[in-house]
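# Next comes the sequence, and after it the predicted model I'd like to discuss.
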Amino acid sequence: MAAGGSNRSRLLVIILIVTSLFLITLDLRGVSVTKSSRSATQSFLAPIQRGVSDVFSPVGSFFSDIKNFSKTKSQLVELKAANARLKTQLVFNEDIKGQLAKLKGVLNLAGRGGYKVVAARVIGRGSASTFSQTITIDAGSTDGIQKDMTVMSDVGIVGIVKSVSASSSIVLLMSDPTFRIGVRIAGTQSVGVLFGQGSSRYQLELLDTSGTIKDKDILVSLGSENDRPFVPGLPVGYVVGVDKTTGTLTQNATVKGYSNLNGLGVVSIIIESPKGDPKDSLIPKPTPTATIYVTSTAGPDTTTATSSPTPIPTASKSASKAKK
């Protein structure tokens with residue numbers, strides 16, 4: 001048995017050697033037997049490889065996603081933080097733009113009146129210890145601010161400085177019920193006293209018995225001795241209602257203030273006023289009424305039998321916008 005097995009082994013080796021020599025000979029003569037075999041094998045195995053890849057590719061992607069999950073989560077957190085910072089910066093930029101616009105208006109009004117001013121930002125409103133209507137500003141004695149100085153906005157008076165520290169001051173708003181200011185009706189010499197009412201409306205009491213009050217009369221500050229606490233000529237407000245009650249010794253009216261005390265962001269404190277009274281030069285200019293002309297053209301008359309339509313005269317009408 002052992003001899004028979006040994007003979008078969010030698011025969012198999014001889015066959016393999018002969019086959020190898022045969023294939024090498026064919027390959028040297030240009031017969032691409034091995035290439036054809038490789039091509040056939042590749043064609044046979046390609047579908048199997050694609051199937052295996054399709055089956056195991058999602059599994060690989062799944063484990064890859066698990067591996068990168070913490071990194072992706074960290075990136076999302078960073079992106080959200082960056083987005084929040086950008087939103088905050090946008091709001092800040094808009095706020096700065098608004099403050100610059102207000103400051104420009106304040107300085108423009110101060111320049112027209114010849115006032116020397118110190119600009120300040122509103123950093124607080126009201127007081128927990130009192131019922132007075134006040135604001136806190138970020139300018140104090142180191143900036144030249146003193147008690148009883150006039151405070152103005154871009155359109156007129158705001159109030160007066162009531163207390164001062166080194167870096168901040170408290171301003172009593174003109175809406176406070178304790179606030180009083182002498183005023184003059186622009187264009188006349190009639191004077192009166194304006195009283196705060198706790199809102200944007202004020203009470204005017206005319207001191208001139210021979211004078212009269214009319215709707216839309218404009219009031220400016222009368223001024224105080226040595227310009228403390230009030231400088232002359234600042235716009236205060238305008239009359240929106242006249243008390244026509246008979247039998248009263250004085251004339252009274254309701255006044256709306258020019259300054260929006262609830263929307264103050266930037267104010268100016270007048271530290272020096274001009275030598276002369278600016279009179280009525282600081283009164284806000286009325287917005288001009290705009291007139292729009294609308295022209296409508298009628299269409300051609302479809303009842304005519306002519307091939308060319310007869311022109312019809314145009315009708316014009318004008319519409320006027322109400323003054324804001």
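Cool, got the structure.

# Quick check: the closest residue to L264 other than its chain neighbours vs S268, distance?
Of all residues not flanking L264 in the chain, V122 sits nearest, at 5.0 Å (C-beta to C-beta, 6 or more residues apart in numbering). All C-beta spots, glycine's among them, are computed from the backbone N, C-alpha and C. V122 sits 12 Å away from S268, going by C-beta to C-beta, to the nearest Å.

# And for R180?
22 Å.

# Equivalent analysis for G159, please.
Computed as C-beta to C-beta, the G159 to S268 distance reads 12 Å.

# what touches both of those two?
Contact criterion C-beta atoms under 8 Å, 6 or more residues apart in numbering; residues shared by G159 and S268: V151.

# Does V161 belong to a helix, a strand or coil?
Under DSSP: H, G, I helix; E, B strand; the rest coil, V161 falls in the strand class.

# got any ranges where the stretch 151-300 of the chain has weak pLDDT?
246-248, 285-300 (pLDDT under 70).

# quick one, strands of it?
157-164, 169-173, 180-185, 191-196, 201-206, 218-221, 235-243, 252-257, 266-272, 291-296 (DSSP state E, counting those that start in this stretch).

# Figure out which of the ones you listed is closest to S132.
Ranking the strands of the stretch 151-300 of the chain by their distance to S132 (criterion: C-beta to C-beta) puts strand 169-173 first, at 6.3 Å.

# what helices or strands is that closest one leaning on?
Contacts defined by 3 or more C-beta pairs under 8 Å, 6 or more residues apart in numbering; DSSP states H and E place strand 169-173 against strand 134-137, strand 157-164.

# JSON lines for those strands, including mean neighbour count and distance to I283?
Below are these laid out as JSON lines (neighbours: other C-beta atoms under 10 Å; distance: least, C-beta to C-beta, whole Å):
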{"stretch": "strand 134-137", "mean neighbour count": "21", "distance to I283": "25"}
{"stretch": "strand 157-164", "mean neighbour count": "22", "distance to I283": "13"}
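
# And these: which comes nearest R112?
Taking C-beta to C-beta, strand 157-164 is the member of the helices and strands packed on strand 169-173 nearest to R112, at 14.5 Å.

# Adjacent strands (with direction) for the closest one?
Paired strands of strand 157-164, with direction, are strand 150-152 (antiparallel), strand 169-173 (antiparallel) (DSSP bridges).

# and for that strand, what are the contacting residues?
134-135, 140-141, 145-152, 169-174, 176, 179, 181, 221, 229-230, 234-236, 258-259, 261, 264, 267, 269.

# Just the buried ones out of those, please.
Among the contacts of strand 157-164, those scoring as buried are 134-135, 140, 145, 149-152, 169-174, 176, 179, 181, 221, 229-230, 234-236, 258-259, 261, 264, 267, 269 (criterion: 16 or more other C-beta atoms under 10 Å).

# So between R180 and S268, which is more surrounded?
The residue with more neighbours, out of R180 and S268, is S268; 26 against 13, by other C-beta atoms under 10 Å.

# wait, that one sits on R121?
No. Using C-beta atoms under 8 Å, S268 is not in contact with R121, being 10.9 Å away.

# low pLDDT regions in the stretch 1-150 of the chain?
Across the stretch 1-150 of the chain, residues meeting the criterion (pLDDT under 70) sit at 1-6, 20, 22-71, 87-107, 127-131.

# give me that answer again for 50
Scanning the stretch 1-150 of the chain with the threshold set as pLDDT under 50 gives 56.

# ok, back up a step: would you check how far apart the residue nearest to L264 and S168 are?
11 Å.

# ditto for V239
Separation of V239 from S168 (C-beta to C-beta): 35 Å.

# hmm, back to that, so can I have CSV of the helices and strands packed on strand 169-173 showing distance to L12?
Below are the helices and strands packed on strand 169-173 laid out as CSV (distance: least, C-beta to C-beta, whole Å):
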stretch, distance to L12
strand 134-137, 107
strand 157-164, 113
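
# which stretch among the ones you listed comes nearest K73?
For the helices and strands packed on strand 169-173, distance to K73 was read as C-beta to C-beta. The smallest value, 44.3 Å, belongs to strand 134-137.

# R112: what secondary structure?
Under three-state DSSP, R112 comes out as helix.

# surely it meets L282?
Yes. Look at R112 against L282 with C-beta under 8 Å: they come within range, at 5.9 Å.

# The two: which has the busier surroundings?
Higher neighbour count among R112 and L282: L282, with 22 against 12, using other C-beta under 10 Å.

# for the more buried one, what are its contacts?
109, 112-113, 156, 220, 233-235 are the contacts of L282 under C-beta under 8 Å, 6+ apart.
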